[in-house]
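> Would you be able to build a 3D model of this:
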Amino acid sequence: MPRSIPTLLALTGLTLLTTVGSLAGADAPKEASPSSEVEALLTQDELPDGVAFEIVENDRAALSALLPEIQANIRVLRQRDPDLPIAVVTHGAEQFTLTRAEAVAHGSLHAEIESLVMDDGVNVVVCGTFAGWRDLEPDAFPEHVEVATAAPDRLNDLEAAGYTVIRLRPSLLDAPAEDPWEFDFGQP
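Next up is the predicted model:
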């Protein structure tokens, strides 16, 4: 007589929370939660004049890994204030997944980023200085992506304009299977 995993665990006296995704639904996509910094903002009486999410990693997959969290953050912020200005400033190796040359390899990422800009009014910014170090001109990126001269300066400008800057960091567990962690050691 076959027994379920929880029954076997109970019989052996083990207490193990079934974070194995209830085994049957392990492949079901989970909805990301907003970051703790955004949740803290939402407890304030007034939101800042805008929110900028900063991403700077030496991992080309970081933007793909963080996209569900970015979308969850935007969703809850816009529920509170539909007109809140939001920016995503990416200035590490992950920004190179947004080049036109990477559009085929990262098609779903490109589509999601374009939707954030065109449908949700989010300003997506990459670093022109870092791109230049890789011999990439601003037109290497799609029109909907802003190429700032220097992303750190752009972040300072946003802060001066009243934005709260929130640095997002991916977890190893966040890397999507179709876009595994790809460390960048110099290739454009």
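> Quick check: which ranges of the chain have low pLDDT?
Scanning the chain with the threshold set as pLDDT under 70 gives 1-30, 172-188.
> element containing the residue most central in space within it?
In the chain, the residue lying closest to the centroid (Cα atoms, centre = their mean) is Leu66, at 2.7 Å. Element membership for Leu66, per DSSP states H and E: helix 62-80.
> Run through who's touching that helix.
Helix 62-80 is touched from outside by 31-35, 38-39, 41-42, 47, 51, 53, 55, 59, 84, 86, 88, 90, 92-95, 97-98, 106, 109, 112-113, 116, 120, 122, 166, 168, 170-171, 174-176, 179, with contacts defined as Cβ atoms under 8 Å, 6 or more residues apart in numbering. Placement of C-beta: from N, CA and C, glycine included.
> And for stretch 159-174?
Taking Cβ under 8 Å, 6+ apart as the rule, stretch 159-174 contacts 35, 37-38, 41, 48-57, 59, 61-62, 65-66, 68-70, 73, 85, 87, 155, 158, 181.
> list the contacts for Glu146?
With contact set as Cβ under 8 Å, 6+ apart, Glu146 has these partners: 123-126.
> Most neighbours out of the residues you listed, which is it?
When the contacts of Glu146 are compared by neighbour count (other Cβ atoms under 10 Å), Val126 ends up highest, at 28 neighbours.
> my read: Ala148 touches Val126, true?
Yes. Here Ala148 reaches Val126: they are 7.1 Å apart, a contact under Cβ atoms under 8 Å.
> could I have stretch 45-63 exported to PDB, CA atoms only?
Output of stretch 45-63 as PDB, limited to C-alpha atoms (Å, rounded to 0.1, in the frame of the first residue of the first chain):
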ATOM      1  CA  ASP A  45       1.700  58.100   4.800                       C
ATOM      2  CA  GLU A  46       3.100  59.500   1.600                       C
ATOM      3  CA  LEU A  47       5.100  57.800  -1.100                       C
ATOM      4  CA  PRO A  48       8.300  59.400  -2.400                       C
ATOM      5  CA  ASP A  49       8.200  61.400  -5.700                       C
ATOM      6  CA  GLY A  50       9.300  58.300  -7.500                       C
ATOM      7  CA  VAL A  51      11.100  55.000  -7.000                       C
ATOM      8  CA  ALA A  52      14.200  53.700  -8.900                       C
ATOM      9  CA  PHE A  53      15.200  50.100  -8.800                       C
ATOM     10  CA  GLU A  54      19.000  49.800  -9.100                       C
ATOM     11  CA  ILE A  55      20.600  46.600 -10.500                       C
ATOM     12  CA  VAL A  56      24.300  46.200 -10.800                       C
ATOM     13  CA  GLU A  57      25.600  42.700 -10.900                       C
ATOM     14  CA  ASN A  58      28.400  40.800 -12.600                       C
ATOM     15  CA  ASP A  59      25.800  38.300 -13.900                       C
ATOM     16  CA  ARG A  60      24.100  38.500 -17.200                       C
ATOM     17  CA  ALA A  61      21.000  36.600 -15.800                       C
ATOM     18  CA  ALA A  62      20.400  39.100 -13.000                       C
ATOM     19  CA  LEU A  63      17.800  41.100 -14.800                       C
END
